[in-house]
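In: here are the coordinates; sequence isn't available:
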């Protein structure tokens, strides 16, 4: 048992760091969305369009320069690469329409993710002292996910709702990370007192 306390501390430290980092990322992204929703959405759409073109070029290169694969495999890589490149170029041609479509897709995927995250948080309650914050986070996560899925698919509304939800969930995630430190100290103390017995 002598090594259990440092292991527990390291585990809780890793979990706290993960919660804090994800909370800060969610908070900052939410603030960017709320301050400048259109520019933020178009920025992400532009990044995705660039990714599509680069990925397409990689597939085309794989199809052209890989000599050890069969003809159908090489042709498949080239065709897939061309589709990616064309998709990326079309995204740049009408970046606003691509951004609106991406916002709807992002809203649906984010809604599903938040529902799953909320359910997982509830399943991991255990004996944590931060139970209240975990329950609050889980409920808000599930509610935000359901709202994103059931709301009319207007890109701007979804984007604003995503920004507000990211800010709230980011703050709650940071609070969870802070309160988890107390849990780690209590568990480490309990393990030390068990060792002394």
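Out: Alright, I've got the coordinates. Just so it is clear, the structure is predicted and the values come from calculations on it, not from any experiment.

In: how about the helices in this structure?
Out: 4-35, 37-65, 71-93, 95-123, 131-150, 155-196 (DSSP state H).

In: Let's have the ones you listed in a markdown table, adding mean neighbour count.
Out: C-beta here means a position set from N, CA and C on the backbone, and glycine is covered the same way. Shown next, in a markdown table, are the helices of the chain (neighbours: other C-beta atoms under 10 Å):
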| stretch | mean neighbour count |
| --- | --- |
| helix 4-35 | 15 |
| helix 37-65 | 16 |
| helix 71-93 | 15 |
| helix 95-123 | 17 |
| helix 131-150 | 17 |
| helix 155-196 | 17 |
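
In: Least reliable of those by average pLDDT, please.
Out: The stretch with the lowest average pLDDT out of the helices of the chain is helix 155-196, scoring a mean of 77.

In: and the residue lying closest to residue 166 once chain neighbours are set aside, what does it touch?
Out: Leaving aside its chain neighbours, residue 166 sits nearest to residue 30 (3.0 Å; criterion: C-beta to C-beta, 6 or more residues apart in numbering). Contacts here follow C-beta atoms under 8 Å, 6 or more residues apart in numbering; on that basis residue 30 touches 162, 163, 164, 165, 166, 167, 168, 169, 170.

In: and of those residues, the nearest to residue 52?
Out: Set against residue 52, the nearest of those by C-beta to C-beta is residue 162 (21.9 Å).

In: what about the closest one, distance to residue 148?
Out: From residue 162 across to residue 148, the span is 7 Å (C-beta to C-beta, to the nearest Å).

In: Spit out the residues that contact those two alike.
Out: Contact criterion C-beta under 8 Å, 6+ apart; residues bridging residue 162 and residue 148 by contacting each: 107, 110.

In: thought residue 131 was touching residue 125?
Out: Yes - the pair residue 131 / residue 125 is scored as a contact, 5.7 Å apart, by C-beta atoms under 8 Å.

In: And for residue 92, nearest residue in space, chain neighbours not counted?
Out: Take residue 92 and drop its neighbours on the chain: the residue closest to it by C-beta to C-beta, 6+ apart is residue 49, 5.1 Å away.

In: any idea how far residue 47 is from residue 21?
Out: For residue 47, the distance to residue 21 equals 20 Å [C-beta to C-beta].

In: picking up where we left off before, quick check, nearest of the contacts of residue 30 to residue 17?
Out: For those, the minimum distance to residue 17 (C-beta to C-beta) is 15.1 Å, reached by residue 170.

In: Does that closest one touch residue 19 like I think?
Out: No - Residue 170 sits out of contact with residue 19 when judged by C-beta under 8 Å, with a separation of 10.4 Å.

In: Now residue 165. Nearest residue, chain neighbours left out?
Out: Distances taken as C-beta to C-beta, 6+ apart place residue 144 nearest to residue 165, at 4.1 Å, with adjacent residues excluded.

In: gap between the one you found and residue 179?
Out: When C-beta to C-beta is applied, the distance between residue 144 and residue 179 equals 21 Å.

In: How about residue 164?
Out: Residue 164 sits at a distance of 23 Å from residue 179 (criterion: C-beta to C-beta).
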